[in-house]
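> this one's sequence-less:
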């Protein structure tokens, strides 16, 4: 038959937290923080912490980075595109082409020029790493999720302990108030005996000292409640000025699950082990990616470009065009003169038609107006290449061996964690069972101390026991009460530790 021990945390939390005199001394609620309910169970506290704890929120930011890493890995499968444009200026003066100047080529009085150009390139490179990168990114993301679960498990343990600590301090305050009430009762009894002549002033003074010590214990217990509550709210990541009543009750019940059952559960739920296994899957894929460096790579690219040019003056070009026309006319007239010397000359050419027309001059001027956007397109280009790695100084094999070593290290870590997990479960389960038996013994001790104090007080009232004997009974009673509370919360602390190892709640409903 299972025996149950129940704390008075529900009532004490509602009464004490609502009436603490220091409640108005803390800063007001920060804007944007989640409001804490007036009453809060442990499950609600865990939910609030998972939403608001700053350290956990910071860890969860890594998920966004991992998601983008996966998106980027898929993006490498798409062609890359680039576009560029430039504008440049070249001053007037003699230009040089290699070892020859423009003047030597017959180009004189070169004006200044404005140039503009554009180029568009599209390319795609595919190799083993590119194709396998999304798989690696997925496994890395799984590892990040596992790390987040580890952080959540750590937070759950911290919140549970902080929640229990608040209830422990509240129970301590309740006991301190009860001890104060008993000390005041003892003082009244001592004064009453002195008034009827059966007591003495020393007993009264001792009773007054007991009241003073009990009052100090109450003050210290209130400080303990305040500090414990502040630490809990800090774990939740909410306003420290909140005053929730903690409504979850904890009972001491016999823990009946075996170490083998817990170990089988922990193999699939322990967050640290799951994180290491996620890293193992990533390491396995890392070996495959390292081997992919032996595969060939394919590259495809194409490009488009254009240019414009504008001279500060077209006089030189116009003069060159007119001079070319004049030279053609002179050549034509020379031939005509030769033909006239023949006995029967053929029809002579009309040399005037060779003169540079005005339309050619206008064309030169129009072409000079192309800057900056009337581009002349250059012929497009395309390129396809396949690269087969033959020898790269054994660097690829070194990378493969390094990936294999990392994989073996991870597997050894898994084995080490599994052994440690078994040992942790065995030791923590022993602590839980010891704490349960201790709680039962402390319950019995408390019952005996209650009866001893009742008898001592009755004997003192009948003048069959001196005041020192009554104080000793009071001390035994106070120690029994505190040891009972200590044993109850020690049991639940042990359960919380065991839950953090197994990775799942274990408390009996």
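Everything's here; your move. On a predicted model such as this, the values are computed, not experimentally measured, just so you know. Numbering: from 1, shown residues only.
> Give me the most central residue, this structure.
Closest to where the C-alpha atoms of the chain average out (CA atoms, centre = their mean) is residue 59, at 2.4 Å.
> which ones are touching that residue?
Residues in contact with residue 59, defined by CB atoms under 8 Å, 6 or more residues apart in numbering, are 147-148, 151. In this view, the C-beta of every residue, glycine as well, is placed from N, C-alpha and C.
> Secondary structure and distance to residue 479 for the residues you listed - can I get that in CSV?
Formatted as CSV, the contacts of residue 59 follow (DSSP: H, G, I helix; E, B strand; the rest coil; distance: CB to CB, whole Å):
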residue, secondary structure, distance to residue 479
147, helix, 45
148, helix, 45
151, helix, 40
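> Can you tell me the element the residue of the chain positioned farthest from its centre falls in?
Distance from the centre of the chain peaks at residue 343, with 104.3 Å (CA atoms, centre = their mean). According to DSSP states H and E, residue 343 maps onto no helix or strand at all.
> With residue 66 instead?
Assigned by DSSP H and E, residue 66 belongs to helix 54-75.
> Check which residues of that helix are buried.
For helix 54-75, the neighbour count (16 or more other CB atoms under 10 Å) marks 56, 59-60, 62, 66, 69-70, 73 as buried.
> can you pull out the strands in the stretch 1-150 of the chain?
For the stretch 1-150 of the chain, applying DSSP state E, counting those that start in this stretch gives strands covering 39-40, 80-90, 96-97, 100-101, 113-126.
> Highest mean neighbour count out of those strands?
Scoring these by mean neighbour count under mean count of other CB atoms under 10 Å gives strand 39-40 as the most buried, with a mean of 18.
> Partner strands of that one and their direction?
strand 245-246 (parallel) (DSSP bridges).
> I'd like the next helix or strand past the strand it pairs with.
As assigned by DSSP H and E, the chain's next helix or strand after strand 245-246 is helix 259-269.
> And the contacts of that next one?
Counting contacts by CB under 8 Å, 6+ apart, the residues outside helix 259-269 that touch it are 273-274, 418, 421-422, 425-426, 429, 498, 501-504, 506.
> Low-confidence stretches in the stretch 51-200 of the chain?
Scanning the stretch 51-200 of the chain for pLDDT under 70 picks out the ranges 93-110, 199.
> repeat that with 80
For the stretch 51-200 of the chain, the stretches with pLDDT under 80 are 90-113, 193, 195-200.
> could you dump the strands of the stretch 1-150 of the chain to CSV with distance to residue 446?
CSV is the format used below for these (distance: least, CB to CB, whole Å):
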stretch, distance to residue 446
strand 39-40, 28
strand 80-90, 76
strand 96-97, 106
strand 100-101, 112
strand 113-126, 76
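> So which of these is nearest residue 448?
Across these, residue 448 has its closest neighbour in strand 39-40 (35.4 Å, CB to CB).
> Identify all contacting residues around the closest one.
Strand 39-40 is contacted from outside by 14, 48, 244-247, using CB under 8 Å, 6+ apart.
> Of those residues, which is the nearest to residue 224?
Closest approach between these and residue 224, by CB to CB: residue 246, at 14.5 Å.
> pLDDT averaged over whichever helix or strand residue 468 is part of - what is it?
Remark: residue 468 resides in helix 467-502, with elements defined by DSSP H and E. For helix 467-502, mean pLDDT is 89.
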